[in-house]
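Participant: fold the following.
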Amino acid sequence: MVAQTSPTIFVVDPDNTVWARIADHAAALGLNVDCFSWAEQFLDTYEPEFAGCLVSEFQLPAMSGLQLQTALAERAATIPVVFLSLPRHTSLADIAKQAGAFAVLEKPCPEASLRAALRDSLIQDDTNRRNLQRDVGICQDLVDLTEIEQAVLRSRLTGEPTDKIANRLHVEPQEAEAAWHRAFRKIGASHHR
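Facilitator: Below is the predicted model:
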């Protein structure tokens, strides 16, 4: 896998004038751009760990833009997808939005709209990556909990009082309360009663 140090705007469009236009915006934002004519070329090199956004046309040779979006979802890639669409593709635009496209812009779109979509999609990608990192950390912390800590945590988060939890688990209330505090200490959360 190739190491990627900064976000990249990935472009999948057979029209190299689109490449040049996106490259200008990428340069203005201080970002890298990587262009592909075919969806398959992009998929052969892209790793879900790569930060950035994808700009794609709906009509591509072989695999379509919508099929590319589906392939990314199947890989659990959270990269925001911005479609550049001809006005006659409004039904495709609706399908893409329903499937989670970040934005669909009609060609030719105003420069400010394109730049805003690129900037906002990169912000969204950063948010997605931070949330994923947080969720992975929480999952790892939960795996590290003992059985009683997991049971007490689940029950307390549903609002069940400690004495009822202790009774159900056949432990003393102090042991259930201690498990509650250990669980929160292990997952790094602050405990508020």
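Participant: relative to the centre of this structure, find the outermost residue for me.
Facilitator: For the chain, the residue at maximal distance from the C-alpha centroid (Cα atoms, centre = their mean) is E172, at 42.9 Å.
Participant: now do the strands in this protein.
Facilitator: In the chain, the strands defined using DSSP state E lie at 8-12, 32-36, 52-57, 81-85, 103-106.
Participant: to Q140, which of those strands lies closest?
Facilitator: Ranking the strands of the chain by proximity to Q140 (Cβ to Cβ) places strand 52-57 first, at 25.8 Å. For every residue, glycine as well, the C-beta is placed using N, CA and C.
Participant: who are the packing partners of the closest one?
Facilitator: Applying 3 or more Cβ pairs under 8 Å, 6 or more residues apart in numbering; DSSP states H and E, one finds that strand 52-57 makes contact with strand 8-12, helix 16-28, helix 65-74, strand 81-85, helix 111-143.
Participant: redo that, cut-off 6 Å
Facilitator: The contact analysis (3 or more Cβ pairs under 6 Å, 6 or more residues apart in numbering; DSSP states H and E) places strand 52-57 against strand 8-12, helix 65-74, strand 81-85, helix 111-143.
Participant: now do the buried residues in the last one.
Facilitator: Applying a neighbour-count criterion of 16 or more other Cβ atoms under 10 Å, one finds 114, 117-118, 121-122, 124-125, 129 buried in helix 111-143.
Participant: adding pLDDT, write those out as JSON lines.
Facilitator: Output for the buried residues of helix 111-143, formatted as JSON lines (pLDDT from 0 to 100):
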{"residue": "L114", "pLDDT": "92"}
{"residue": "A117", "pLDDT": "95"}
{"residue": "L118", "pLDDT": "93"}
{"residue": "S121", "pLDDT": "95"}
{"residue": "L122", "pLDDT": "94"}
{"residue": "Q124", "pLDDT": "95"}
{"residue": "D125", "pLDDT": "94"}
{"residue": "R129", "pLDDT": "86"}
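Participant: now the residue farthest from the centre of the chain. Its backbone dihedrals?
Facilitator: phi -70, psi 150 (degrees, to the nearest 10).
Participant: give me the nearest residue to it, chain neighbours excluded.
Facilitator: Leaving aside its sequence neighbours, E172 sits nearest to A166 (Cβ to Cβ, 6 or more residues apart in numbering; 6.1 Å).
Participant: read off the pLDDT value for the one you found.
Facilitator: Listed pLDDT for A166 reads 89.
Participant: pretty sure it contacts A178?
Facilitator: No. Contact criterion Cβ atoms under 6 Å: A166 and A178 do not qualify, at 10.5 Å.
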